[in-house]
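> sharing a model prediction with you, sequence too.
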Amino acid sequence: MLNTKRISKVKTGRLILTGFVLFSAVLFTSCIGVDSQFEEVKDKIMGKLSEDYKTDFQFSIGSAAIHVSSWFVDLSADQEHLDDMMREISSVQVGIYDKVKNVNTPPDFNTLRQIDYEMQSNGWKYIVRSIEDDGMSLIYLSANPEEMLKTMYVVNLNDDELIIIEVNGNLKKVIEYAIEEKNFDVKM
């Protein structure tokens, strides 16, 4: 009887260790710092701003972590389209940067033009540009027709912070799922 308990404890220990190693492998291979392209875009955008910013946080989520998170979406039947969209995304990089000085100079049209010029000169074209009293939002896709629906940048600038998000994946499928979910009648 003593031998059976000892074997059971060893099996349980190995199972826990294996689970921990697998979880760590998924976590550490898919959640890393942002890549050099993201850093370059961030630096060029910040170079066009009159304020100084400090990094609040920045991270990257790879396909493995996105796939694992899609399992949790599977638990909710109403989120079927969201699950499908998540499976088409291969990576997401996010950076949130806080304004160092609170000078309260809201983003204006000139700031928008400077950011837009910098992004366009680096091969990106806007699909959305919005400016309001308290901030602006910009969405960019690659200007290269072959790469257009593979990477998207979202830039949000307000009185307190700059947020930059890069989404990589099959964005054409993501858009198709979003259209299906909203039941838009789009005839092409």
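Thanks, I have it.
> any weak-confidence spans in the protein?
In the predicted model, the chain carries pLDDT under 70 at residues 1-32, 63-81, 102-106, 182-188.
> now do 80
Within the chain, the ranges that satisfy pLDDT under 80 run 1-33, 50, 62-87, 101-108, 134, 177-188.
> and the lengthiest strand in the chain, which strands flank it?
Determined from DSSP state E, the single longest strand within the chain is strand 89-99. Applying DSSP bridges to the sheet, strand 89-99 is found paired with strand 53-61 (antiparallel), strand 161-169 (antiparallel).
> ranking those by burial, who's on top?
strand 161-169 (a mean of 19; mean count of other Cβ atoms under 10 Å). No exception for glycine: its C-beta is placed from N, CA and C like everyone else's.
> following that strand in sequence, what is the next regular element?
Moving toward the C-terminus from strand 161-169, the next helix or strand (DSSP states H and E) is helix 171-182.
> so which elements touch that next one?
helix 80-88 (3 or more Cβ pairs under 8 Å, 6 or more residues apart in numbering; DSSP states H and E).
> now the helix it packs on: buried residues?
By neighbour count with 16 or more other Cβ atoms under 10 Å, helix 80-88 contains the buried residues 81-88.
> before we move on, what about stretch 165-181?
Counting neighbours by 16+ other Cβ under 10 Å, stretch 165-181 gives 165-169, 171, 174, 176-177 as buried.
> check stretch 35-47 too.
38, 41-42, 45-46.
> check stretch 149-163 too.
Within stretch 149-163, judged by 16+ other Cβ under 10 Å, the buried ones are 149-153, 155-157, 162-163.
> among those, which ones are in strands?
Using DSSP E, the buried residues of stretch 149-163 in strands are 151-153, 155-157, 162-163.
> of those residues, which is the nearest to residue 181?
For those, the minimum distance to residue 181 (Cβ to Cβ) is 18.1 Å, reached by residue 152.
> looking at it, the closest one is touching residue 170, isn't it?
No. Assessed by Cβ atoms under 8 Å, residue 152 is found out of contact with residue 170, at 11.5 Å.
> distance check, the closest residue to residue 117 other than its chain neighbours against residue 38.
Once flanking residues are discounted, residue 117 sits nearest to residue 48: 7.9 Å by Cβ to Cβ, 6 or more residues apart in numbering. Going from residue 48 to residue 38 by Cβ to Cβ, to the nearest Å gives 16 Å.
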